[in-house]
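Q: Sequence first, then the predicted structure, then my questions.
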There are 2 protein chains.
Amino acid sequence: MRPSLVNITINNILDLLKDKNMQPGDKLPTVDSLSAKFKVGHSTVREALKALSAQNLLIIRQGAGTFVSQKQGISNDPLGLGIMGDDISTIFDMITVRLIFEPEIAAMAAQKATLKNLKHINELCLEVEKLIKAGENYDDEDSLFHSAIANASGNKIIYKITQIIHSSIKKNIFVTDNSLCKETITAHRQIAKAIAIGDSAGAKNGMILHLNAQREFLLKNYDLQV
Amino acid sequence: MRPSLVNITINNILDLLKDKNMQPGDKLPTVDSLSAKFKVGHSTVREALKALSAQNLLIIRQGAGTFVSQKQGISNDPLGLGIMGDDISTIFDMITVRLIFEPEIAAMAAQKATLKNLKHINELCLEVEKLIKAGENYDDEDSLFHSAIANASGNKIIYKITQIIHSSIKKNIFVTDNSLCKETITAHRQIAKAIAIGDSAGAKNGMILHLNAQREFLLKNYDLQV
């Protein structure tokens, strides 16, 4: 155990990722090559990679190598809901947060989205629709649709926070049953269209209506303190 | 190594924390007692506690015992800025996020704050002022002032996200030098007062003015893409 050397190596690896502008999915140099580059032993490199993997920054695939994680350092339970519980009041708090955050993001996306962003949003919109119509679970794709809009805002911090919010939503119980499926199809289409034609107010209002339907559902079906 | 037993024990400990509604700083039962309660060996309990400590849910103090962490499961770099870099555009993205989020939070705090919340906000307001006047670094206390307002909103998710945002701000370079100190004193006072008298619009507008001063500073001093 040489903790300081491991820490130095961790920082060297982080600098390498930044300098080379490495993106999620990119493969890191081998342990051999990192060991030679940073002039430390193989076990030190392995310990550093393991620490960065525990932080969800890297992913170590046995036999295949080490890759930049898609999770980009976001922990498995970023809001610490594991300790907080997932009662209805937490879910209501979450929808309140989304109502503050996501309409503004949709408005920004309408201003900033690239053609690539629009294509991605549209594909996910259709994917959610297909799953709903097939009666299948669409949580993941719904979450990706909202994250794609956040990505289109062009604001890196917004994208990260949206990922945190949506990775935490999945930890909650699915409480809105299927009564909101039809609303979801209509609202997603409306939001995607407004973003595509650069209509900021339309995208913002579409998102308010969409999230408010979920808020109303919770208020109607549960005894909540507003 | 019996990973499944460790995982079961991790979940048992999390359930215990929830059932007993344990708060940050509270002390957990001893390893002996957890081992007897969950009918697993000491090494399994220790491994489970270590895993929860790596997630910043618990803190193990050698000799003193295990405690619920103040960090409540929030990782050391929750937004993964370690990999993203901390250039001026990231800092500008952060202020954009704060301008979406914090004015609404201040408005909620003005509606919901308890006397205990108000006392805490006021203490931190005075503390920041004292440090500024003494020419000392006030980053931590400034961050606590904004977190105390988020706590007063009564929304648990808002409090968590504010902690995430502020723990990430500290990772950025301190770019606004001291020219905003006077503005900070005036704005913090104004926000704290508005919250104390239940003036939602006043609290919201005070927060907009406060954060916008930082935004204007960045725009004036750096070449930024809006």
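A: Looks like it arrived, so ask away. As the structure is a prediction and not an experimental result, all values here were calculated from the model.
Q: care to break chain A down by domain?
A: A:3-68, A:81-221 (automatic domain parsing).
Q: Adding distance to chain B and mean neighbour count, write those domains out as TSV.
A: From N, CA and C alone the C-beta is placed, and that goes for glycine too. Shown next, in TSV, are these (distance: least, Cβ to the nearest Cβ, whole Å; neighbours: other Cβ atoms under 10 Å in any protein chain shown):
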stretch	distance to chain B	mean neighbour count
domain A:3-68	5	16
domain A:81-221	4	19
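Q: Mean pLDDT added to those domains, as TSV?
A: Listed next are these as TSV, based on pLDDT from 0 to 100:
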stretch	mean pLDDT
domain A:3-68	88
domain A:81-221	89
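Q: Redo those domains as CSV? Include distance to B:Ile157.
A: Formatted as CSV, those follow (distance: least, Cβ to Cβ, whole Å):
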stretch, distance to B:Ile157
domain A:3-68, 20
domain A:81-221, 4
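Q: Quick one: closest of these to B:Thr66.
A: Closest approach to B:Thr66 among these (Cβ to Cβ): domain A:81-221, 13.5 Å.
Q: that's a strand at A:Glu136, yeah?
A: No. Judged by DSSP: H, G, I helix; E, B strand; the rest coil, A:Glu136 forms no part of a strand; its state is coil.
Q: Can you tell me the SS state at A:Ser168?
A: Assignment for A:Ser168 (three-state DSSP): helix.
Q: That one reaches A:Ser75, doesn't it?
A: No. Taking Cβ atoms under 8 Å as the definition, A:Ser168 is not a contact partner of A:Ser75, at 10.4 Å.
Q: neighbouring contacts of the host helix or strand of A:Leu5?
A: Under the criterion of DSSP states H and E, A:Leu5 resides in helix A:3-19. Residues from elsewhere that reach helix A:3-19, judged by Cβ atoms under 8 Å, 6 or more residues apart in numbering or on different chains: A:22, A:28-29, A:34, A:37-38, A:40, A:44-45, A:47-49, A:51-52, A:57, A:68, B:82-85.
Q: how about 10 Å then?
A: The contact list for helix A:3-19 (Cβ atoms under 10 Å, 6 or more residues apart in numbering or on different chains) reads A:2, A:22-23, A:26, A:28-29, A:34-35, A:37-41, A:43-52, A:55, A:57-58, A:66, A:68, A:73, B:77, B:82-87.
Q: tell me what whatever helix or strand comes next after it is packed against?
A: Counting by DSSP H and E, the element after helix A:3-19 in chain order, helix or strand, is helix A:31-38. Packing partners of helix A:31-38 (3 or more Cβ pairs under 10 Å, 6 or more residues apart in numbering or on different chains; DSSP states H and E): helix A:3-19, helix A:42-54, strand A:65-68.
Q: In terms of secondary structure, what does the shortest one contact?
A: With contacts defined as 3+ Cβ pairs under 10 Å, 6+ apart, strand A:65-68 has these neighbours: helix A:31-38, helix A:42-54, strand A:58-61.
Q: could those go into a markdown table alongside distance to B:Arg98?
A: Compiled in a markdown table, the helices and strands packed on strand A:65-68 are given as follows (distance: least, Cβ to Cβ, whole Å):
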| stretch | distance to B:Arg98 |
| --- | --- |
| helix A:31-38 | 37 |
| helix A:42-54 | 28 |
| strand A:58-61 | 29 |
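Q: helix or strand for the residue at minimal distance from the centre of chain A, which one?
A: Chain A has A:Gln163 as the residue nearest its centroid, 2.1 Å off, counting by Cα atoms, centre = their mean. Applying DSSP H and E as the criterion places A:Gln163 in helix A:156-169.
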